[in-house]
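*Asks:* pasting the sequence and the predicted model now:
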Amino acid sequence: MNIIEKVREILQNFPKIQEVCNTVHIDFADPDPTSYGLSSIGESVISEDILGNLKKRHSFLLYAVFSSINDYERLTNTSVLIELSDWLRSQSGEVETAVDGEVYKGEIIEIKAGNGMLYDVPQENRSEGVRYQLQINADYTVNFTEV
Amino acid sequence: MKLKRSALLHYINTKFDTTSTKNWFLIGKDVEDMSVEMNPDTETVKNILDETNVNDNGYEPAFDVDTYFANPDDSEFYEKIKDIAMNRLTGDSCKTQVLEVLVDKTTGTYDAWIEDCIVKPQSYGGAQGGVRIPYNVSFSGNRQQVQVNIDPDTKAVTIVTD
C-alpha cells in the first residue's frame, strides 16, 4: 500500500467520516454535502541516512463538502476539521514504495494537518454544499535495506 | 564515478563474544553523518641541533553513532546496547568486533576489515520522537582484512575468507 493509499485508508477510518460516507475520493469530491476528496500535491525528500534510506514528505489537500446553511453548521464543520487534525497526528502504519520495480517497506513517522478553511462556495449558494480544504503532510520512511 | 556514502558499510557483531559465530548488525539507519575519526597520535620533537623529528605513534580510531533509536526489532543488538547502558557494563562486556566493508565494485566479493572494538553508549533519552541511545565505537586492535559477500537487497553480509 503506497503513501496515497495509506493516507486514504487512514482518513476513511476517521470516525466522523465513517458516519457520513463510505469512501474518500481521489482528486475528486462530489458536490453534495458529506463528500470527501483527497488530492496529492507533491512529495519531497526530507533527509537521507548513510545507508541511503529516505525520509520523505508527501503533501495532500483534503476537500470536504459540508452543508453550510448557518453559523451553527459552519462551526460544526470547522470543529470536525480540528478533530480530524488531532486524530491524524496519532495515526501510524506501514507503507510501501516502488522504486525501479522493487517494492521497499517503510513506515509513517507523522501526519500533520492544518489550515482547514472554507475554500469554495459553488454557484455562490451557501445552501448547497460548500467546500472546505485541509492541508495534510505525511512524513514517512523508505527503507532500502528491507525489501 | 565517486562512491555513494552507502558504499561504506559498518557492522557490529551482536554476539559481543569474539569466539562464537558472528551475527552482524548494520549500523546507519537514521544516521545522516558518520565518520571514522582516525585520531592520529604524532608528536613533534626538536633536538638541540634544531632538527625536527616526528614520532608516529599510530592511530586511535573511533566513530560516534549519534542517532540510534531504541528498537526491540533490532533483537540482539538492541538487547545488548540496552544491557550495557542500563546495567552500566564495562570491560569485556562491551567488547565485540566491527566489520567495515567498502562496496567499490559492481560484482564479486568486497574488501572488508574486521577489528576488535569497544561499544559505549553515550547517553539515553533524547527529544520527542523516540528513545535514542547514541553510542561510540572505539577500535581496539587485532585488525585483519577479509573478503565478504553482501546481499544487495537486505545488505546482509557473509564473510567469504578469513
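*Replies:* Great, that's in hand.

*Asks:* please, where are all the strands along chain B?
*Replies:* B:8-13, B:24-27, B:40-46, B:52-59, B:62-65, B:95-102, B:110-121, B:135-139, B:144-150, B:157-161 (DSSP state E).

*Asks:* now the first one: mean pLDDT?
*Replies:* This points to strand B:8-13. The pLDDT scores in strand B:8-13 average 97.

*Asks:* now residue A:64, nearest residue through space, not along the chain?
*Replies:* The spatially closest residue to residue A:64, leaving aside those adjacent along the chain, is residue A:132, at 4.7 Å (Cβ to Cβ, 6 or more residues apart in numbering or on different chains). C-beta here means a position set from N, CA and C on the backbone, and glycine is covered the same way.

*Asks:* an error on my part: the question was meant for residue B:86.
*Replies:* Closest to residue B:86 by Cβ to Cβ, 6+ apart is residue B:124, at 8.0 Å.

*Asks:* the one you found touches residue B:88, doesn't it?
*Replies:* No: counting by Cβ atoms under 8 Å, residue B:124 stays clear of residue B:88, with 11.6 Å between them.

*Asks:* compare these two (neighbour count), which wins?
*Replies:* Neighbours per residue (other Cβ atoms under 10 Å in any protein chain shown) separate residue B:124 from residue B:88, with residue B:124 holding more: 16 against 9.

*Asks:* per-residue confidence for the more buried one?
*Replies:* Looking at residue B:124, the pLDDT reads 97.

*Asks:* show me what from chain B comes close to chain A.
*Replies:* Selection of chain B residues close to chain A by Cβ under 8 Å from any Cβ of the partner chain yields B:4-6, B:8-9, B:26, B:28-34, B:129, B:153-155.

*Asks:* out of the residues you listed, which are buried?
*Replies:* By neighbour count, with 16 or more other Cβ atoms under 10 Å in any protein chain shown, those hold B:5-6, B:8-9, B:26, B:28-31, B:34, B:155 as buried.

*Asks:* in the residues you listed, find the pair that's most separated.
*Replies:* B:8 and B:30 (16.8 Å; Cβ to Cβ).

*Asks:* quick check on residue A:8: phi, psi?
*Replies:* Backbone torsions for residue A:8, taken as degrees, to the nearest 10, come to phi -60, psi -40.

*Asks:* and if you look at residue A:42?
*Replies:* phi 150, psi 160.

*Asks:* what is the burial count for it?
*Replies:* Using other Cβ under 10 Å, residue A:42 has 8 other residues around it.

*Asks:* which residue, other than its chain neighbours, is closest to it?
*Replies:* Closest to residue A:42 by Cβ to Cβ, 6+ apart is residue A:59, at 5.0 Å.

*Asks:* show me what counts as buried in the helix or strand containing that neighbour.
*Replies:* Using DSSP states H and E, residue A:59 sits in strand A:54-67. The neighbour-count check on strand A:54-67 (16+ other Cβ under 10 Å) flags A:54-58, A:60-67 as buried.

*Asks:* between the residues you listed, which is nearest chain B?
*Replies:* Checking those against chain B with Cβ to the nearest Cβ, the nearest one is residue A:55 at 8.5 Å.

*Asks:* list the residues that contact the closest one.
*Replies:* A:45-48, A:109, A:139-141 (Cβ atoms under 8 Å, 6 or more residues apart in numbering or on different chains).

*Asks:* generate JSON lines for these, with pLDDT, secondary structure and distance to residue B:75 as supplementary columns.
*Replies:* Converted to JSON lines, the contacts of residue A:55 look like this (pLDDT from 0 to 100; DSSP: H, G, I helix; E, B strand; the rest coil; distance: Cβ to Cβ, whole Å):
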{"residue": "A:45", "pLDDT": "96", "secondary structure": "strand", "distance to residue B:75": "29"}
{"residue": "A:46", "pLDDT": "96", "secondary structure": "strand", "distance to residue B:75": "28"}
{"residue": "A:47", "pLDDT": "95", "secondary structure": "strand", "distance to residue B:75": "26"}
{"residue": "A:48", "pLDDT": "95", "secondary structure": "strand", "distance to residue B:75": "25"}
{"residue": "A:109", "pLDDT": "94", "secondary structure": "strand", "distance to residue B:75": "22"}
{"residue": "A:139", "pLDDT": "97", "secondary structure": "strand", "distance to residue B:75": "26"}
{"residue": "A:140", "pLDDT": "97", "secondary structure": "strand", "distance to residue B:75": "24"}
{"residue": "A:141", "pLDDT": "96", "secondary structure": "strand", "distance to residue B:75": "19"}
